[in-house]
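> model this:
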Amino acid sequence: MAGYALQIDENLLAYCTDRQREVLQAIIDHGGSGAAARALGIDVSLPSKTYKEVKRKAAKVGYAPGHFENGVAPGFAMGKVTVQRGASGVVERTWERQSPDDAEREENLRRFIEELCAPIKGLSPLIARPSIDNSQLLSVYPIGDQHHGMYSEAEQTGTEYNTDISARLLTTSVDFLCASAPDSGTALLLDVGDFHHANDSSNQTPASHHAMHVTASYGKVMQTGAMALVHCTLRLLEKHQNVIVWIMPGNHNPDAAFATALAISFYFHNEPRVSVDLHNSAFKFMRFGNNLIASHHGDGTKASNLPLIMAVDRPKDWAETEYRVWHCGHIHHKTFKEEPGCDIETHRTLAPSNAWDHKKGYRSKREMQRIDYHLETGECNRQRCDAKMLGATA
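The predicted structure is shown next:
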């Protein structure tokens, strides 16, 4: 594609940054993307990518020649179509509603985060492998809805909470649980969703746009949250041969969750013992011998649907395992239900109630757990760490 001749609409130059204008002008002057790349000394794929990005940018502000008469504008998806017919049944007018393409938006976000994280690629220190490896055991460290960045004022709710307290509670909980863990060959650091209180700097919930009280700038929230998870991963590497990281998207942080997962994967790029799941899905699954372990935040589908979802999405694993479990969050308190075919567990959070939750009367206990699974016989042990053990006041 990059070496093909491109017919550039010169009106697009008005929608370019200086660098984009230079690239598009080179395509025009040299008669093709390949020649433009050679003239500018850039990667051969960059001119065609730049051209597509400029077309998408122009379409968003209403300039997409040809597409409004025939086709869909770049970066958009076809939505509602209204047709007006005359008395004879002949179409007289057609109205098309085109909306930004969600898949395109996610791809742009992924590309942006990759470029943003490039400077930290492979910066993690190499941790010596543990001398003992019990490959028959898996230790799962579920992180309940952390709501990192949430602000709670002690005078109003009885409990102080900010980014510093959040990071300290999480890292010290993992330190405590890891110290008492068996020498499991594999650890799963499982954030069940809503790790961040806010998805972006608007400090509103993405779907309902409810305003939220945050404790710091969005940049600080993202940085301190990511570094707390890095600390947890490094600590688990000291105890376990391999560490798997799941950052589940929640209703508070669907985009921030993926950004954090990508940042962690970049940080541990040169560490073969760390695996970060970057599949941007609401459901994740892991097979461990006779166990099938899954996670979903808990919003968007009923808990009663989860067994069937597991059976449909992983039919072979379902048929070949005896112990199946879902780890969820969202409701901030502990539940355990044995459904036909699998167990469904929701986890408590280390975070206290904010002003809204406190006013509603929510008073769930605060804790983190570690759950150990045997390769053949399922759950064999669990350890609890209450937030009060770490100095939390309520």
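> work out for me the element residue 177 sits within.
helix 163-179 (DSSP states H and E).
> let me know the average pLDDT across that helix.
Averaging pLDDT along helix 163-179 gives 96.
> so which bits of that helix are buried?
Neighbour counts over helix 163-179 (16 or more other CB atoms under 10 Å) mark 163, 165-167, 169-174, 176-178 as buried. No exception for glycine: its C-beta is placed from N, CA and C like everyone else's.
> the strands in the chain, which residues?
76-85, 91-100, 134-143, 184-191, 242-247, 274-276, 284-288, 291-295, 323-328, 335-339, 342-346, 367-374, 378-386 (DSSP state E).
> mind putting those in TSV, mean pLDDT, mean neighbour count and distance to residue 117 included?
What follows is these, written out as TSV (pLDDT from 0 to 100; neighbours: other CB atoms under 10 Å; distance: least, CB to CB, whole Å):
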stretch	mean pLDDT	mean neighbour count	distance to residue 117
strand 76-85	65	11	28
strand 91-100	64	12	24
strand 134-143	97	22	21
strand 184-191	98	25	18
strand 242-247	98	24	14
strand 274-276	97	20	12
strand 284-288	98	18	21
strand 291-295	98	23	23
strand 323-328	98	22	27
strand 335-339	95	12	36
strand 342-346	97	20	31
strand 367-374	97	22	27
strand 378-386	96	16	31
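> okay, those strands in TSV with distance to residue 219 next?
Conversion of these to TSV gives the following (distance: least, CB to CB, whole Å):
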stretch	distance to residue 219
strand 76-85	30
strand 91-100	25
strand 134-143	22
strand 184-191	20
strand 242-247	18
strand 274-276	21
strand 284-288	28
strand 291-295	28
strand 323-328	30
strand 335-339	35
strand 342-346	31
strand 367-374	26
strand 378-386	30
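> correct me if wrong: residue 294 contacts residue 282.
No: look at residue 294 against residue 282 with CB atoms under 8 Å: they stay out of range, at 11.0 Å.
> excluding residues flanking it in the chain, which one is nearest residue 256?
residue 196 (4.4 Å; CB to CB, 6 or more residues apart in numbering).
> quick one: the helices in the protein?
Secondary structure of the chain (DSSP state H): helices at 18-30, 33-40, 46-60, 102-117, 154-157, 163-179, 218-239, 254-267, 306-313, 315-320, 355-360.
> tell me where the stretch 101-250 of the chain is predicted with low confidence.
Low-confidence segments of the stretch 101-250 of the chain (pLDDT under 70): 101-113, 115-116, 119.
> again, only using 50
Counting by pLDDT under 50, the stretch 101-250 of the chain shows no low-confidence range.
> for the buried residues of helix 163-179, which one is nearest residue 245?
Nearest to residue 245 out of the buried residues of helix 163-179 is residue 174 (CB to CB; 12.1 Å).
> now do residue 51 against residue 41, distance only.
Going from residue 51 to residue 41 by CB to CB, to the nearest Å gives 18 Å.
> for residue 49, same thing?
16 Å.
> neighbour count: those two, which is higher?
residue 49 (15 against 6; other CB atoms under 10 Å).
> who's in contact with that one?
With contacts defined as CB atoms under 8 Å, 6 or more residues apart in numbering, residue 49 is in contact with no residue.
> distance of it relative to residue 221?
Separation of residue 49 from residue 221 (CB to CB): 31 Å.
> okay, residue 24: pLDDT?
pLDDT, read off for residue 24, is 90.
> does it really touch residue 15, like I thought?
No: under the criterion of CB under 8 Å, residue 24 makes no contact with residue 15, lying 9.8 Å away.
> mind listing what's buried along stretch 205-218?
Neighbour-count burial for stretch 205-218 [16+ other CB under 10 Å]: 205, 206, 212, 213, 214, 215, 216, 218.
> mind saving the C-alpha coords of that stretch as CSV?
C-alpha atoms of stretch 205-218 as CSV (Å, rounded to 0.1, in the frame of the first residue of the first chain):
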residue,chain,number,x,y,z
THR,A,205,-18.5,8.4,34.7
PRO,A,206,-18.2,7.6,31.0
ALA,A,207,-21.8,6.4,30.5
SER,A,208,-24.0,8.5,32.8
HIS,A,209,-21.6,11.5,33.1
HIS,A,210,-22.0,11.7,36.9
ALA,A,211,-19.5,14.1,38.4
MET,A,212,-17.0,12.5,40.8
HIS,A,213,-14.8,13.9,43.5
VAL,A,214,-11.1,13.2,42.8
THR,A,215,-8.0,13.8,44.8
ALA,A,216,-5.4,14.8,42.3
SER,A,217,-4.8,15.7,38.7
TYR,A,218,-5.6,13.0,36.1
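> give the contact list for residue 10.
residue 28.
> same thing but 10 Å
24, 25, 28 (CB atoms under 10 Å, 6 or more residues apart in numbering).
> contacting residues around the first one?
Shown in contact with residue 24 (CB under 10 Å, 6+ apart): 6, 8-10, 12-13, 15-16, 33, 36, 47, 50-51, 54.
> give me the spatial nearest neighbour of residue 167, chain neighbours excluded.
residue 228 (4.1 Å).
> show me the contacts for the residue nearest to residue 256.
145-150, 214, 218, 221-222, 225, 247, 250, 252-257, 259-260 are the contacts of residue 196 under CB under 10 Å, 6+ apart.
> who does it form a beta bridge with?
Note on residue 196: beta-bridge partners by DSSP bridges are residue 148.
> make 2 the starting number, not 1.
With 2 as the first residue, the last one maps to residue 197.
> how near is it to residue 255?
10 Å.
> do the same with residue 25
Residue 25 is 34 Å from residue 255, by CB to CB.
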